[in-house]
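Asks: give me coordinates for this.
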Amino acid sequence: MATASKNGKPNASPKGSLRVLDDEHVAFAEIASPKTLANLKENPQVAIMVFDPATWGGCRIEGKAEILDSGDLLESFKAQFAPLKMKVRYAIKVAVEEVSIMPPMKTAQKG
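Replies: As a prediction, the model looks like this:
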């Protein structure tokens, strides 16, 4: 996931909690990404890369993030990560503005 501050300083952070909410929204748990959170407070635009190493396919999702500090989505993430002893501080909900598909590659094309 990539964010940028209001001055354009970029930050990239892997997200293992990404989930599709519906046709127009994805979300992830904010656990330990202070630069991501700081950037989102200044500039809510995000880009998220999803990659399947088995097929070399995936997609890029671009959109506008909303930081949620309460509600069912946050409680769901907290419950998901509680057994792992990971504290979820916020749920980040992204309104999807654009999706670019990266089709799977044939095995011969890998590498």
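
Asks: tell me the mean pLDDT over stretch 46-57?
Replies: For stretch 46-57, mean pLDDT rounds to 92.

Asks: then stretch 68-78?
Replies: 98.

Asks: can you give me the buried ones in it?
Replies: By neighbour count on 16 or more other CB atoms under 10 Å, the buried set for stretch 68-78 is Leu68, Leu73, Leu74, Phe77. Heads up, the C-betas are built off the backbone N, CA and C, glycines and all.

Asks: now intersect the residues you listed with the helices, please.
Replies: Of the buried residues of stretch 68-78, the ones assigned to helices by DSSP state H are Leu73, Leu74, Phe77.

Asks: what segments of the chain are strands?
Replies: Assigned by DSSP state E, the strands in the chain fall at 2-4, 10-12, 19-22, 25-30, 45-52, 57-68, 90-102.

Asks: next, count neighbours for Glu46.
Replies: That one is not Glu; residue 46 is Val. 23 (other CB atoms under 10 Å).

Asks: contact partners for Phe81?
Replies: Ser17, Ala29, Ile31, Lys87, Val88 (CB atoms under 8 Å, 6 or more residues apart in numbering).

Asks: farthest pair within those residues?
Replies: Ser17 and Lys87 (12.7 Å; CB to CB).

Asks: quick one: common contacting residues for these two?
Replies: Jointly contacting Ser17 and Lys87 under the rule CB under 8 Å, 6+ apart are Ile31, Phe81.

Asks: can you pick out the residue with more neighbours from those two?
Replies: Using other CB under 10 Å as the criterion, Ser17 and Lys87 rank with Ser17 on top: 16 against 11.

Asks: is the closest residue to the more buried one other than its chain neighbours in a bridge, and if so with what?
Replies: Among residues not flanking Ser17 along the chain, Ala29 sits closest, at 4.1 Å (CB to CB, 6 or more residues apart in numbering). Residues in a beta bridge with Ala29, per DSSP bridges, are Ala91.

Asks: what's the answer for Gly58, then?
Replies: If you apply DSSP bridges, the partners that Gly58 bridges to are Phe51, Met102.

Asks: beta partners for the closest residue to Leu40 other than its chain neighbours?
Replies: Nearest residue to Leu40, sequence neighbours excluded (CB to CB, 6+ apart): Ala65, at 5.1 Å. Applying DSSP bridges to Ala65 gives these bridge partners: Val94.
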